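1. Got a sequence here, can you model it:
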Amino acid sequence: MKHIFNKILAGGAVLLTTVACTGNYLDINSNQSQPGDLTPDGFALVSSMTNICSTVAPSDVNCTQFVDCLLGGTLGGYFSDGANFTSSYVRNNAPNNWTEVFLKDKKIISTLFTNLSMVEGFCETSGDLVPMAVANIIKIAAMHRVTDCYGPIPYSAIGFEGAIKTPYDSQEDVYNKFFEELAAARQILLDNPTAVMSPLVDKVYGGDISNWVRFANSLQLRLALRISYANKELAQAKAEDAIDPKNGGVIETNDQNATWKNYQTSTNSMRTAIMYNAHDTRPSAEIACYLNGYKDPRISKYLTESGSPESPGLNGKPYKNDDGTWMTAPDGTSLQYVGIRRGWETFSTSWSVNFSDVNLPGTTPALWMNASEVCFLRAEGAAVFNWDMRGSAESFYNDGIRLSMEDYGVADGYNTYINDATSVPAKFYDPEGQNPWTGVIPAVTIKWDETLTAEQKQQKIITQKWIANWKLGNEAWADYRRTGYPFLIPVAYNGSNVVDINRGPQRLPYPAAEYTDNLTNVQSAVSNYLNGPDNLATKVWWACKPGL
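-> The predicted structure follows:
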């Protein structure tokens, strides 16, 4: 069977006016009926594009809880389990049903490819390839999170001839396919600059095609940095191609941020997930230490004050003195904002409610990628790899901080912040005395210093990128595995005999169901594509920085 994008990739721009769709993307939950209202703002297209978008930052609360709070949020260093999970991702002993979510949950791959089939049906009927180009960009935004979690995954064969037992691709091949598909999608959009999608269909950019081009290029830049140690030549070529102005530009301002604006009338799924069961998720010790030590003005935008009741029945006790002033840690750090150590050894809701909460209003759009991240990607490309990012590392680094502060409405503190050459992360202090750590977070400062080594610059860049990418836990986890930064406090409890407690899990093992439903293909993937046994300690393909 032939699909639109396969034809485009094979034949180039001359085939962009040719439409040959099938609508048989995936055997799981496939809708075999014909699409309904296939007008540009009809129900079928609106529904399909909404469902496709819901697979990047899931709109399903349970799915969000697992992939963005309990998995990416904790392993990326932003969150700590706020409930009594004795087995969890961050304690390196998650049960099998926790490892299934990205690969087997019907709200991600099944939903994604089934609805891609519906959009393909619209293209076949209308002759308009723009929605399919946009849908494929979104597909890559969703699927790179899946391969970054496991390594090799089924990808290129999904949907061919209705295959049920799908072969895996190596992660290198998956990334190569991503780059091919991004180039094809971008070309369609560049060839149709006056095209407009209905805002009902496009809840990210309201139908602005130029911003979809910017997002495609920014996503390509993100993926290029991801493979910067695995394939240096390709990484540089794709990064420099992404920021070339002739290709439409990248995200440069906050009004170009890729955010899914689907929560004007409903509650952000991450917000709901965080509030589950006496707050399953709390801010980590690390985010509190970095923000406190840096006197970062974003702290009140990220965290609530300690003891703040954010859900019914949770009445925490603020860490205050009798006179109403905030208590302080031994090093003098205020206990106004306090995070819980990840992978705690002991836990009780009797004291966890006293810690800060995640400050996330329910109407907040779901963040996919922002201008700040793009600046830090360009800063790293220039400072660490000497790529032509069309600007200096220092300017991109400072702009990344500025854009983040502007986005959170605290830009007044920008000049003081970027000129601070002395502040370092605060020392961790557990006011409950339950999960202490006596180590010290490395003294990386804020102000740019051109005399630093490339390694030191990378640490500075990734640390600030991590702060600016708050809540994008899976992106933070990927950066941590790729670069070793930012420094994260070792978890208090290690439930695995294979995971290095100082580096954390490197991937998730494949779900047990794959060894019954797809045995031949998963065994082939482990034997031929995975760089070790199918466990938490084996590194994915792109995680190959020398010395790490």
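
2. check contacts around the nearest residue to residue 423 once chain neighbours are set aside.
-> Leaving aside its chain neighbours, residue 423 sits nearest to residue 294 (5.1 Å; criterion: Cβ to Cβ, 6 or more residues apart in numbering). Using the backbone N, CA and C atoms, a C-beta is placed for each residue, glycine as well. Taking Cβ atoms under 8 Å, 6 or more residues apart in numbering as the criterion, residue 294 is in contact with 417, 420, 423-425, 446, 467.

3. Out of those, which sit inside helices?
-> 417, 467 (DSSP state H).

4. Where do the domain boundaries of the chain fall?
-> 4-80+102-260, 372-483 (automatic domain parsing).

5. The ones you listed into TSV, with extra columns for mean pLDDT and mean neighbour count?
-> What follows is those, written out as TSV (pLDDT from 0 to 100; neighbours: other Cβ atoms under 10 Å):
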stretch	mean pLDDT	mean neighbour count
domain 4-80+102-260	86	20
domain 372-483	98	19
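
6. could the ones you listed go into JSON lines alongside distance to residue 366?
-> Shown next, in JSON lines, are the domains of the chain (distance: least, Cβ to Cβ, whole Å):
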{"stretch": "domain 4-80+102-260", "distance to residue 366": "4"}
{"stretch": "domain 372-483", "distance to residue 366": "9"}
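
7. sorry, back to before: got the contacts of residue 294 as TSV, with distance to residue 202 columns?
-> Shown next, in TSV, are the contacts of residue 294 (distance: Cβ to Cβ, whole Å):
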residue	distance to residue 202
417	35
420	40
423	42
424	43
425	40
446	37
467	30
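
8. Helices of the stretch 301-450 of the chain, residue ranges please.
-> Assigned by DSSP state H, counting those that start in this stretch, the stretch 301-450 of the chain shows helices spanning 349-352, 371-385, 393-407, 414-418.

9. Indicate which one of those helices is closest to residue 525.
-> When the helices of the stretch 301-450 of the chain are compared by Cβ to Cβ, helix 371-385 sits nearest residue 525, at 29.3 Å.

10. how far is the closest one from where the chain is centred?
-> Relative to the mean C-alpha coordinate of its chain, helix 371-385 is positioned 16 Å out (Cα atoms, centre = their mean, to the nearest Å).

11. Which strands and helices lie in contact with that helix?
-> helix 209-226, helix 232-242, helix 393-407, helix 454-468 (3 or more Cβ pairs under 8 Å, 6 or more residues apart in numbering; DSSP states H and E).

12. sec struct for the residue nearest to residue 410 when sequence neighbours are not counted, please.
-> With sequence-adjacent residues excluded and distances taken as Cβ to Cβ, 6+ apart, residue 410 is closest to residue 297, at 3.9 Å. For residue 297, the assignment made with DSSP: H, G, I helix; E, B strand; the rest coil gives coil.

13. C-alpha coordinates for stretch 90-99, PDB please?
-> Presented in PDB, the C-alpha positions along stretch 90-99 are these (Å, rounded to 0.1, in the frame of the first residue of the first chain):
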ATOM      1  CA  VAL A  90      11.800   7.100  40.200                       C
ATOM      2  CA  ARG A  91      12.400   4.300  42.700                       C
ATOM      3  CA  ASN A  92      13.600   2.200  39.800                       C
ATOM      4  CA  ASN A  93      11.100  -0.500  40.400                       C
ATOM      5  CA  ALA A  94       8.000   0.400  38.500                       C
ATOM      6  CA  PRO A  95       5.500  -2.500  37.900                       C
ATOM      7  CA  ASN A  96       5.000  -3.800  34.400                       C
ATOM      8  CA  ASN A  97       1.800  -2.000  33.800                       C
ATOM      9  CA  TRP A  98       3.600   1.200  34.400                       C
ATOM     10  CA  THR A  99       6.100   0.400  31.600                       C
END
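
14. list the buried ones in it?
-> Using 16 or more other Cβ atoms under 10 Å as the test for burial, stretch 90-99 gives 90-94, 98-99.

15. mind checking how far the residue lying closest to residue 379 once chain neighbours are set aside is from residue 145?
-> Nearest residue to residue 379 in three dimensions, chain neighbours excluded: residue 396, at 3.8 Å (Cβ to Cβ, 6+ apart). Distance, residue 396 to residue 145, using Cβ to Cβ, to the nearest Å: 24 Å.

16. if we can go back for a sec, reformat the helices and strands packed on helix 371-385 as TSV; add distance to residue 368.
-> Below are those laid out as TSV (distance: least, Cβ to Cβ, whole Å):
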stretch	distance to residue 368
helix 209-226	8
helix 232-242	16
helix 393-407	14
helix 454-468	14
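
17. of the ones you listed, which approaches residue 283 most closely?
-> Per Cβ to Cβ, nearest to residue 283 of these: helix 454-468, 12.5 Å.

18. got a list of what residue 388 touches?
-> Residue 388 touches 240, 382, counting by Cβ under 8 Å, 6+ apart.

19. what's around residue 527, how many residues?
-> As a burial measure, residue 527 scores 9 neighbours (other Cβ atoms under 10 Å).

20. where's it relative to residue 148, distance?
-> 21 Å.

21. Repeat that for residue 212.
-> Distance, residue 212 to residue 148, using Cβ to Cβ: 22 Å.

22. ok, which stretches of the stretch 301-450 of the chain are strands?
-> Listed in chain order, the strands of the stretch 301-450 of the chain (DSSP state E, counting those that start in this stretch) span 366-369.

23. Same check on the stretch 1-150 of the chain?
-> Counting by DSSP E, counting those that start in this stretch, the strands of the stretch 1-150 of the chain are 79-81.

24. ranges for the helices of it?
-> Going by DSSP H, counting those that start in this stretch, the stretch 1-150 of the chain shows helices at 4-11, 43-53, 61-64, 72-75, 96-99, 101-104, 111-126, 130-150.

25. Any idea which of these gets closest to residue 286?
-> helix 72-75 (10.5 Å).

26. Quick one: list the elements packing against that closest one.
-> Secondary elements touching helix 72-75 (3+ Cβ pairs under 8 Å, 6+ apart): strand 79-81, helix 473-483.

27. For the last one, name the packing helices and strands.
-> Counting contacts by 3+ Cβ pairs under 8 Å, 6+ apart, helix 473-483 packs against helix 72-75, helix 130-150, helix 209-226, helix 454-468.

28. could I get these as TSV with distance to residue 392?
-> Shown next, in TSV, are these (distance: least, Cβ to Cβ, whole Å):
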stretch	distance to residue 392
helix 72-75	31
helix 130-150	28
helix 209-226	17
helix 454-468	12
